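> no letters, just coordinates:
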């Protein structure tokens, strides 16, 4: 009899606990983690580098998006799982203008106020087999002319005034990605460790070896 | 003026607390309208910042004109001045003061297991208000409350028409478990899970998404499910039994200073207060408890003005039947003779 009481209580307790987790389960059911993080989804400037730390710090209030004067900041939809309702910037749609309002308004430590030069959203990487001037298919310079950091972040290769070269000062705002006329996106924002020159090209790899 | 009032005998003496409920509705509507207006203001700001009036389509231009007309008396440079009021009730900034829901702080701390003091301090004012006034956010500010109360009015109407509407009673302590489960699950998953199920957060975000982003997100579906839960199972069920924010506010407001109290001398036991209380509390038997959100609906409905606000740390124990009621008269006669 005592064992039966105990079992009954145990079942009741688990049922209660299960029920209390129900709303969260429902919310998760409605927004499952199906999509993998896309490469062109950058975090806003000043974001915590570690994605897990960012998800834990962001409360999903949407303030960063609400103050963004160019509406660059969007929000992960229901396919984001833990990333749902956290902000991202897709530079192929709209790049960040580095105005710093999102960092200023973020109530949490997810976006921390950072001086412009110290921002690290990534780094621009140029695909030298897709960029028009690099394959001698025309003159462009759009990325160089729009860069808000100018000389520090991107310039032309010495001796050729149209071939863009990303420099150390690039903070990955993605404005160059937005204006790049090449439909296959000759320039994109990648993690700093991946370097400023795309390495997939066979010719480039041969040259390096 | 008082002479006039006393001259006509059937007009009761003025009882300003009666009208508190109307004030509350005004506040609720204003908060909700602000939540709708702010995303539009954001759009307007982006148009201004881009100097893009000539490039706008006709509806965008109409929006621009309306917003310009609305804000012109208050701001000189819309692109920056309108940033004074931003955000939702989940977290926002009001004239330079950052305010956050205490639940957001609890969720964030449990998800990341460390304190970020500037953020914790943003919940200070709401917590202080809750400690003094109780669960007043739920009754007076929460944008979901407006919809839930309208939903409850709909339920009452449906009931009158003859549609069977569930009015089950569950265990009030359920929501504390939901709060605890949310804290544990936030820690396990490392995401602030409250944001997905807390109706005021969901509503603010969904309105913003619908207006200024790609359209309603999944939170709208969740919110409609909670409306159905309220409609079909229990009265105000989500707020009473599930809402983790309500649980947190209830705990914080347990020893609130401002409480509604029954004046037993003028109570006539009509039980209208019990019927109007959407949280299913029992004002008639002096049982308000920590769940009461000081919404003052019972004060507004009381025909003898027997309910008032008092400053006290706890409710009084049951004071017996109201002195204007039949039961009290019977008892008095019984003891008298």
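Cool, got the structure. No experiment lies behind these values; they were computed from the predicted model shown. Numbers count the residues shown, from 1 in each chain, chains lettered A, B, ... in the order given.
> ok now do the closest residue to residue A:117 other than its chain neighbours, which residues does it touch?
Setting aside the residues directly before and after it, residue A:117 is nearest to residue A:169 in space (CB to CB, 6 or more residues apart in numbering or on different chains), at 6.7 Å. All C-beta atoms are positioned from the backbone trio N, CA, C, and that covers glycine. Residues in contact with residue A:169 (CB atoms under 8 Å, 6 or more residues apart in numbering or on different chains) are A:117, A:149, A:151, A:152, A:153.
> out of these, which one sits closest to residue B:335?
residue A:117 (85.6 Å; CB to CB).
> can you pull the pLDDT of that closest one?
pLDDT for residue A:117: 89.
> wait, it touches residue A:153, no?
No. Judged on CB atoms under 8 Å, residue A:117 makes no contact with residue A:153 at a distance of 9.4 Å.
> what touches both of these two?
With CB under 8 Å, 6+ apart as the test, residue A:117 and residue A:153 both reach A:169, A:171.
> out of those two, which sits in the more crowded spot?
For residue A:117 versus residue A:153, neighbours defined as other CB atoms under 10 Å in any protein chain shown are more numerous around residue A:153 (23 against 11).
> the stretch 1-150 of chain B against chain A: which residues are in contact?
Proximity of the stretch 1-150 of chain B to chain A, by CB under 8 Å from any CB of the partner chain, involves residues B:38-39, B:42, B:45-46, B:49-50, B:79, B:83, B:86-88, B:90-93, B:98, B:100, B:104, B:107-108, B:111-112, B:116, B:118-119, B:122.
> mind listing which of the contacts of residue A:169 are in strands?
Judged by DSSP state E, the subset of these located in strands is empty.
> quick one: least confident of these?
residue A:151 (84).
> biggest helix in chain A by residues?
The helix that spans the most residues within chain A, counting by DSSP state H, is helix A:2-20.
> give the buried residues for it.
For helix A:2-20, burial by neighbour count (16 or more other CB atoms under 10 Å in any protein chain shown) applies to A:19, A:20.
> follow-up on the earlier one: return the closest of the contacts of residue A:169 with respect to residue B:66.
residue A:149 (37.8 Å).
> contacting residues around the closest one?
A:116, A:117, A:169, A:170, A:171, A:173.
> turn those residues into TSV, including distance to residue A:189.
As requested, these are arranged in TSV below (distance: CB to CB, whole Å):
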residue	distance to residue A:189
A:116	16
A:117	17
A:169	14
A:170	9
A:171	10
A:173	8
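> before we move on, back to that, just the buried subset of the residues of the stretch 1-150 of chain B next to chain A, written out for ChimeraX, thanks.
To isolate the buried subset of those in ChimeraX, counting by 16+ other CB under 10 Å, use the following:
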select /B:38,39,42,45,46,49,79,83,86,87,88,90,91,92,93,98,100,104,107,108,111,112,116,119,122
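> in helices only, show me the residues of the stretch 1-150 of chain B next to chain A.
Residues from the residues of the stretch 1-150 of chain B next to chain A lying in helices, with DSSP H as the criterion: B:38-39, B:42, B:45-46, B:49, B:79, B:104, B:107-108, B:111-112, B:118-119, B:122.
> got the phi and psi for the residue nearest the centre of chain A?
In chain A, the residue lying closest to the centroid (CA atoms, centre = their mean) is residue A:42, at 0.9 Å. Here is the backbone geometry of residue A:42 (degrees, to the nearest 10): phi -90, psi 150.
> what is the nearest of the ones in helices among the residues of the stretch 1-150 of chain B next to chain A to residue B:189?
Using CB to CB, those come closest to residue B:189 at residue B:111, 7.7 Å.
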